[in-house]
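Asker: Got a predicted structure plus its sequence, pasted below:
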Amino acid sequence: MQTTLSDAAKRLARAEEAERILRSCVHCGFCNATCPTYQLLGDELDGPRGRIYLIKQVLEGQPASAKTQLHLDRCLSCRNCETTCPSGVDYHNLLDIGRAVVDQAVARPPLQRALRSGLRNLASHPTAFKRLVQLGRSVDGLLPAALKTKLPRSPATAQARPQAHHERRVLLLEGCVQPGLSPNTNAATARVLDRLGISVTATPQAGCCGAVDYHLDAQARGLERARHNIDAWWPAIEAGAEAIVQTASGCGAFVKDYAKLLHGDGQYAGKARRVSELARDLVEVVAAEPLDKLACHSGQLLAVHCPCSLQHAQKLGGSVEALLKRLGFNLSNVPDGHLCCGSAGTYSLTQPQLARQLRDNKLDALESGRPDVIVSANIGCQTHLDGAGRTPVRHWIELVDEALAKSPSLA
């Protein structure tokens, strides 16, 4: 694609990267075939190719508008288009560049600004978020349906974690909303890893991975969170921690990008590269171990929802399914497994109508095999899908942990 950046765009820190990505696009349109928003809306500007054209126009000097911003906002950042693209267009990084430029040029309405600011602040205060969830559950009869669906269907409690006593140690990103919405996920992770001879080293100083800020008009703040986590993890890394484990694939995708996001930071580039090298989704860690201690037998039929951040961003599509089969679980077939559920970080709150349509379509596909439980690998997807009040949705590690608890002979 021929591109001529404006003088203003040439002064951007990521100008060369933007131009390189734009030139790599051959505008074939294959991406639209797998774009969830294009499939729903049928508008060229709500598909990857159209959004690339919009960003190109802005970077070439044409004024951005509220309409430009809306079409970019509607993108889920699911990266399905990257999996489909025959030219290897680095779409999500171009989108980050384009959104930052447009958001500087176009002021958002007050309600949008308030919502985005509130979401960013909640992400940085896990304890406050947990209390808010508890308060919501205590008055759920008074809440509007839209808010009710964001709360766990059953009380969120965590079982005990084992003491750290193994020589092998890993770090665990606790997350910002997961402790409030599904606290047993990380506890179950610690118990399963303990069964494998791996202990979790606590790093309470680490916080939100930074993705919420970065994708909600506050990229600089998101990078500050990345630096904060690197500082929090670094002593344990120097002490020999062998991995930084993420149980939420959305967080994992962002942490694995720390190296790229901070490559120009003289103080943090080297450390960020090391952190990205150590970052592992939970399924990578468990699947790499001998599984004789985890052999499970469950009568439940599971449907696996593979989050976009796992299959398109981390390129680990099918890994949860393969692991669960190795462990003895029965899985149903899920059609259109590549399509987004509509959660997409905070998308279900900023674009609720589109998110509900995508959620219902995804649930229809997941429930087509009549599973007893749906499992996912990302707290956002889990909460969004479970909020429909249909088939229960849980993190896959909790099912493994429960099956092990029912198999005392394997303890």
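Answerer: It's in.

Asker: from what I can see E19 touches Q2, true?
Answerer: No: the pair E19 / Q2 is not scored as a contact, 10.7 Å apart, by Cβ atoms under 8 Å. Quick note: C-beta positions are derived from backbone N, CA and C, even for glycine.

Asker: So these two - more neighbours on which side?
Answerer: The neighbour count for E19 versus Q2, taken as other Cβ atoms under 10 Å, is higher for E19 (20 against 6).

Asker: Tell me where the stretch 301-411 of the chain has strands.
Answerer: Taking DSSP state E, counting those that start in this stretch to define them, one finds strands in the stretch 301-411 of the chain at 301-304, 330-331, 373-376, 393-395.

Asker: Let me know which of those is the nearest to C208.
Answerer: Comparison of the strands of the stretch 301-411 of the chain against C208 by Cβ to Cβ identifies strand 393-395 as nearest, at 18.6 Å.

Asker: Pairing partners for the closest one, with directions?
Answerer: strand 373-376 (parallel) (DSSP bridges).

Asker: and the strand it pairs with, what's its mean pLDDT?
Answerer: Mean pLDDT, strand 373-376: 98.

Asker: Over to stretch 36-52?
Answerer: For stretch 36-52, the mean per-residue pLDDT is 96.

Asker: Low-confidence regions, this structure specifically.
Answerer: Applying pLDDT under 70 to the chain picks out residues 137-138, 140-148, 155-156, 407-411.

Asker: same thing but 90
Answerer: Applying pLDDT under 90 to the chain flags the ranges 1-3, 118-160, 175-183, 202-204, 207, 217, 291-299, 403-411.

Asker: what about the strands in it?
Answerer: Taking DSSP state E as the test, the strands found in the chain are 168-173, 198-201, 244-246, 279-281, 301-304, 330-331, 373-376, 393-395.

Asker: For the residue nearest to the spatial centre of the chain, which residues are in contact?
Answerer: In the chain, the centroid-proximal residue (Cα atoms, centre = their mean) is G250; its distance is 1.6 Å. Residues in contact with G250 (Cβ atoms under 8 Å, 6 or more residues apart in numbering) are A211, P307, S309, G345, N378, I379, G380.

Asker: Can you add distance to R273 and give the strands of the chain back as TSV?
Answerer: Below are the strands of the chain laid out as TSV (distance: least, Cβ to Cβ, whole Å):
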stretch	distance to R273
strand 168-173	16
strand 198-201	21
strand 244-246	13
strand 279-281	11
strand 301-304	32
strand 330-331	36
strand 373-376	29
strand 393-395	29
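
Asker: mind putting these in a markdown table, mean neighbour count and distance to H338 included?
Answerer: Rendered in a markdown table, the data for the strands of the chain read as follows (neighbours: other Cβ atoms under 10 Å; distance: least, Cβ to Cβ, whole Å):
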| stretch | mean neighbour count | distance to H338 |
| --- | --- | --- |
| strand 168-173 | 21 | 26 |
| strand 198-201 | 20 | 32 |
| strand 244-246 | 27 | 21 |
| strand 279-281 | 25 | 18 |
| strand 301-304 | 21 | 13 |
| strand 330-331 | 16 | 17 |
| strand 373-376 | 24 | 15 |
| strand 393-395 | 23 | 18 |
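
Asker: For D46, which of the ones you listed is the nearest?
Answerer: Nearest of the strands of the chain (Cβ to Cβ): strand 373-376, 25.4 Å.

Asker: Let me know how buried the residue lying closest to D46 once chain neighbours are set aside is, in neighbour terms.
Answerer: Spatially, and ignoring its direct neighbours in sequence, D46 is nearest to T37 (4.7 Å; Cβ to Cβ, 6 or more residues apart in numbering). Per other Cβ under 10 Å, the neighbour tally for T37 reads 25.

Asker: I'd like to know which elements the longest helix along the chain is packed against.
Answerer: Longest helix in the chain, counting residues (DSSP state H): helix 219-238. When contacts are defined as 3 or more Cβ pairs under 8 Å, 6 or more residues apart in numbering; DSSP states H and E, helix 219-238 packs onto strand 168-173, helix 211-214, helix 249-255, helix 258-261, helix 269-278.

Asker: residues of stretch 237-247 that come out buried?
Answerer: Buried residues in stretch 237-247, counted by 16 or more other Cβ atoms under 10 Å: I237, A241, A243, I244, V245, Q246, T247.

Asker: follow-up on the earlier one: can you lay out the strands of the stretch 301-411 of the chain as CSV showing distance to Q219?
Answerer: Output for these, formatted as CSV (distance: least, Cβ to Cβ, whole Å):
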stretch, distance to Q219
strand 301-304, 33
strand 330-331, 39
strand 373-376, 27
strand 393-395, 29
